[in-house]
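*Asks:* What shape does this take:
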Amino acid sequence: MPPELLVYIDVPYEVLKSFYLLPSLMYRMESLMLACQLRNEVSFCSSNPIPSFLILEAITTLRCCEDFSMERLELLGDSVLKYAVSCSLFLKFPGKHEGNLSSDRIKIIRNATLHSLGTKRGIQVQHHFHLFGFIFSRFCVKVFHQVINPHSKAGYIRDAAFEPRRWVAPGHISVHRKACDRGHRWLCSKTISDCVEALIGAYYVGGGLPAALAFIKWLGIDTEFEPDMVEEAIRTASGWAYLAKIHEIETLESKIGYKFTVKGLLLESITHASQQELGVFFCYQRLEFLGDSVLDLLITWHLFQRHKDIDPGELTDLRSASVNNENFAQVAVRHKLQQHLQHNSGLLLEQITEFVKRLEDSNENKYMLLSNGSSKVPKVLGDMVESIAGAILIDTKLDLDKVWEIFEPLLSPIATPENLELPPLRELTELCSHHGYFLKTTCTNEGDMNVAVLEVQLEDVLLAREGREKNKKAAKGQAAYLLLKDLEEKGFLHSRYASKGTQAEEKIASHKESVEKSCSLMLDIEIPTPAKHGEVVNSKNVSGPSPGKSLALTVKMQKGGPRTALYELCKRCQWPMPSFETVEWKPSSDQMDECIGGGDANRHMFVSGITLHIPNSTIIKRKGDRRPDKKSSQDSAALTMLYELEKQGRCQIEVQPPAQRIP
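*Replies:* Numbering: from 1, shown residues only. Now for the predicted structure:
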């Protein structure tokens, strides 16, 4: 540009540098204004309006790469919606059986229904993926759903990361990112339903249950009921004859720590359906339906408030560990509530007695107990705890705070990140994935028993354990628990416990005795040297296919294809995952002239080395060619390794060229 056309502006460099923040600042302001617009559409009148940032959090997905997302609010909103619908159904249909109520609830709160309601309210997002002249999201190619509405409004959900270089100021149009002007919306259906639940959670956090119910009504879900319906439920329970059981009821009230106004509600909550054979016309099933949603909401809200700094995945784990039938069954036994269950079943009494004995005699933690016999935990005990919660809710006329005041000491100790233990099978799966080992699972039937065999091939040894249970899931959990103990003794710990060295050592020592007692379940496989009692088995024939029986592999030359093919080969041969070491390549002075001629002098280039440990055989190391990014350099190294394995006769590869792009 000619100098005479330039204008000198005396702006300090620091000020000029801050201008680069303007696109991000404007984008955040636009997002907050979008949240305000959605809040105005809902039009919930309150002296304390829902904070805009809370709504913004509820419409922001993980793909935005922000330091907040809808995940936590979605978890809470799911519980709030479940409670609101359960209360409404329970009170509106006093004659419906628990099974019918559950079916009706599922129809209302399922993802398909929430997606439909959210779409009708126009909260769907317009994604960004270039296709046939339009821009759509590449994340939703497999689950596209088209909504054609010429009068639809701009979507609210933020589903893509902000790119400052492509930002366009308000009032301007980008010719490179022109969206469809016919009202089309391409979206992932689960994103819609998740956002709906997150918004319910946001309104619950910002305005309590009334605000959440107002948003649910705005969506089109009818959860309103007349106050007289609560009185009617109380009057119905008042008709149950309880005088013959008054001593039983008073004893139970002292254990719970709450005096019922309507004793019939407590009697109903502890009456099993088998009592109907004796002429009793009520049972706890309807109250259990209500109490299930009550405890779900109260525990989720407690965890949400108590643990604000943990990630959504860990919050979900805490909720799963706290809200389940097995945990509630242990609550019942811990407070001896099972002694007051009114039933007429000898088999049920036998199951409860066995469970109580195992729980009292066991020195193992509850997760080991449940993994070894979750099928033996009487469901009736957990149902009884839930039905008591439902009875207290009705007796207090839907006072959630009072219910939590009573139930918090009963449920204590509630799971925390410090004492949270994952189910054994999940912990084993995550541990193997983290360390790059493949977990092989084999399930067979022997009569009425399910036999699960889990195997993990380390660099120098094959660990195998067997679980036997009537339930396949319990059999896998049993085998996984034993295999975890073997891995812990070899120094492999889940990342959740890895930072707690001292606690981990104590944990291993405390379980050592129980592991030794369980060693009779060690799998007896055919090996040259049989495994001794309490020892892991040595591997055999795990170095891959024998010569002449090499595995056939198809290697796709698109990005990620060589790595995928190599991982598949390792999985089929049960080899540990290969490790990559990627370094940035910098040309030497001798190579500089060549790079300048080839155009690579000013480009970032990467070179990856790969190491593959074949058990009981060898360690292979290879290096790939330099590539412009790390993933591509790893693909090059993986392809080099595949060619080497083919040369050794361990596999036969067929290279599939990348698909040609249609101009």
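
*Asks:* helix/strand/coil for residue 10?
*Replies:* When classified by DSSP: H, G, I helix; E, B strand; the rest coil, residue 10 comes out as coil.

*Asks:* And for residue 468?
*Replies:* Following three-state DSSP, we place residue 468 in the strand state.

*Asks:* Next, count neighbours for it.
*Replies:* By other CB atoms under 10 Å, the residues close to residue 468 number 15. For the C-beta atoms, the positions are set from N, CA and C on the backbone; glycine is no exception.

*Asks:* Residue 220 touches residue 119, doesn't it?
*Replies:* No - applying CB atoms under 8 Å, one finds residue 220 not in contact with residue 119, separated by 11.1 Å.

*Asks:* Give me the more crowded residue out of these two.
*Replies:* Taking other CB under 10 Å, residue 220 and residue 119 do not tie; residue 119 has more neighbours (21 against 12).

*Asks:* helices or strands next to the strand or helix carrying the more buried one in the packing?
*Replies:* For residue 119, the host element (DSSP states H and E) is helix 111-120. Under the contact criterion of 3 or more CB pairs under 8 Å, 6 or more residues apart in numbering; DSSP states H and E, helix 111-120 touches helix 189-219.

*Asks:* mean confidence for the helix it packs on?
*Replies:* Taken as a whole, helix 189-219 has a mean pLDDT of 94.

*Asks:* Would you map the strands across the stretch 401-550 of the chain?
*Replies:* Assigned by DSSP state E, counting those that start in this stretch, the stretch 401-550 of the chain shows strands spanning 439-446, 449-457, 462-469.

*Asks:* Identify the residues contacting the second one?
*Replies:* Right, strand 449-457. Strand 449-457 is touched from outside by 428, 432, 437-445, 462-472, 474-476, 478-480, 483, 487, 523, 539, 542, 574-576, 615, with contacts defined as CB atoms under 8 Å, 6 or more residues apart in numbering.

*Asks:* on that earlier part again, how about the strands of the stretch 401-550 of the chain in TSV, adding distance to residue 20 and mean pLDDT?
*Replies:* Output for those, formatted as TSV (distance: least, CB to CB, whole Å; pLDDT from 0 to 100):
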stretch	distance to residue 20	mean pLDDT
strand 439-446	48	92
strand 449-457	50	92
strand 462-469	54	91
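
*Asks:* closest one to residue 231 among these?
*Replies:* Closest to residue 231 of those, according to CB to CB: strand 462-469, at 47.8 Å.

*Asks:* doesn't residue 575 make contact with residue 614?
*Replies:* Yes - using CB under 8 Å, residue 614 makes contact with residue 575 at a distance of 5.7 Å.

*Asks:* Please say which of the two ends up with more neighbours.
*Replies:* For residue 614 and residue 575, the more surrounded residue by other CB under 10 Å is residue 575, and the numbers stand at 25 against 19.

*Asks:* how close does the more buried one get to residue 488?
*Replies:* 23 Å (CB to CB, to the nearest Å).

*Asks:* hang on, residue 608 in a strand?
*Replies:* Yes - counting by three-state DSSP, residue 608 falls inside a strand.

*Asks:* returning to that earlier point: buried only: go through the contacts of strand 449-457 for me.
*Replies:* Using 16 or more other CB atoms under 10 Å as the burial test, the contacts of strand 449-457 include 428, 432, 437-439, 462-467, 469, 474-476, 478-480, 483, 487, 523, 539, 542, 574-576, 615 as buried.

*Asks:* Point out the ones among those that are inside helices.
*Replies:* 428, 432, 474-476, 478-480, 483, 487 (DSSP state H).

*Asks:* for the residues you listed, which one is nearest residue 85?
*Replies:* residue 474 (31.8 Å).

*Asks:* how much space between the closest one and residue 124?
*Replies:* Distance of residue 474 to residue 124, given as CB to CB: 42 Å.

*Asks:* Run through the residues that contact residue 389.
*Replies:* Shown in contact with residue 389 (CB under 8 Å, 6+ apart): 290-291, 294-295, 403, 407.

*Asks:* go again using 10 Å as the cut-off
*Replies:* Residues near residue 389 by CB atoms under 10 Å, 6 or more residues apart in numbering: 269, 287-288, 290-296, 298, 328, 403-404, 406-407, 410-411.

*Asks:* what do you get for residue 443?
*Replies:* Residue 443 neighbours (CB under 10 Å, 6+ apart): 450-454, 467, 472, 475-476, 479.

*Asks:* and the gap between it and residue 572?
*Replies:* To residue 572, residue 443 is 19 Å away according to CB to CB.

*Asks:* hang on, the earlier thing: can you flag which of the contacts of residue 389 belong to helices?
*Replies:* Under the assignment DSSP H, those contribute 269, 287-288, 290-296, 298, 328, 403-404, 406-407, 410-411 to helices.

*Asks:* re the thing from before, out of the ones in helices among the buried ones among the contacts of strand 449-457, which is nearest to residue 111?
*Replies:* Nearest to residue 111 among those, with distances taken as CB to CB, is residue 476, at 27.5 Å.

*Asks:* now the closest one: how far from residue 247?
*Replies:* Residue 476 is 45 Å from residue 247, where distance means CB to CB.

*Asks:* returning to that earlier point: looking at pLDDT only, which of the ones in helices among the buried ones among the contacts of strand 449-457 scores worst?
*Replies:* Per-residue pLDDT puts residue 474 lowest of these, at 86.

*Asks:* just checking, that residue touches residue 326?
*Replies:* No - counting by CB atoms under 10 Å, residue 474 does not reach residue 326; the two are 11.1 Å apart.

*Asks:* re the thing from before, of the ones in helices among the contacts of residue 389, buried ones?
*Replies:* 269, 287-288, 290-296, 298, 328, 403-404, 407, 410-411.

*Asks:* quick one: secondary structure of the residue nearest to residue 93 when sequence neighbours are not counted?
*Replies:* Spatial nearest neighbour of residue 93, excluding adjacent residues (CB to CB, 6 or more residues apart in numbering): residue 101 at 6.8 Å. Classification of residue 101 by three-state DSSP places it in helix.

*Asks:* Residue 304 touches residue 205, doesn't it?
*Replies:* Yes - the pair residue 304 / residue 205 is scored as a contact, 7.9 Å apart, by CB under 10 Å.

*Asks:* shared neighbours, those two?
*Replies:* With CB under 10 Å, 6+ apart as the test, residue 304 and residue 205 both reach 72-73, 76.

*Asks:* can you redo those residues as a markdown table with secondary structure, neighbour count and distance to residue 224?
*Replies:* Listed next are these as a markdown table, based on DSSP: H, G, I helix; E, B strand; the rest coil; neighbours: other CB atoms under 10 Å; distance: CB to CB, whole Å:
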| residue | secondary structure | neighbour count | distance to residue 224 |
| --- | --- | --- | --- |
| 72 | helix | 23 | 27 |
| 73 | helix | 30 | 23 |
| 76 | helix | 25 | 21 |
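
*Asks:* can you list the weak-confidence ranges in the stretch 451-600 of the chain?
*Replies:* Within the stretch 451-600 of the chain, the stretches with pLDDT under 70 are 495-549, 588-600.

*Asks:* how close does the residue lying closest to residue 415 once chain neighbours are set aside get to residue 292?
*Replies:* Spatially, and ignoring its direct neighbours in sequence, residue 415 is nearest to residue 321 (4.2 Å; CB to CB, 6+ apart). Distance, residue 321 to residue 292, using CB to CB: 16 Å.

*Asks:* Residue 450 pairs with what?
*Replies:* On the basis of DSSP bridges, residue 450 is bridged to residue 445, residue 469.

*Asks:* Give me the number of neighbouring residues for it.
*Replies:* For residue 450, the neighbour count with other CB under 10 Å is 20.

*Asks:* Against residue 265, how distant is it?
*Replies:* 41 Å.

*Asks:* and residue 608, how far is that from residue 647?
*Replies:* Here residue 608 is placed at a distance of 20 Å from residue 647 (CB to CB).

*Asks:* The two: which is more packed in?
*Replies:* residue 608 (25 against 9).
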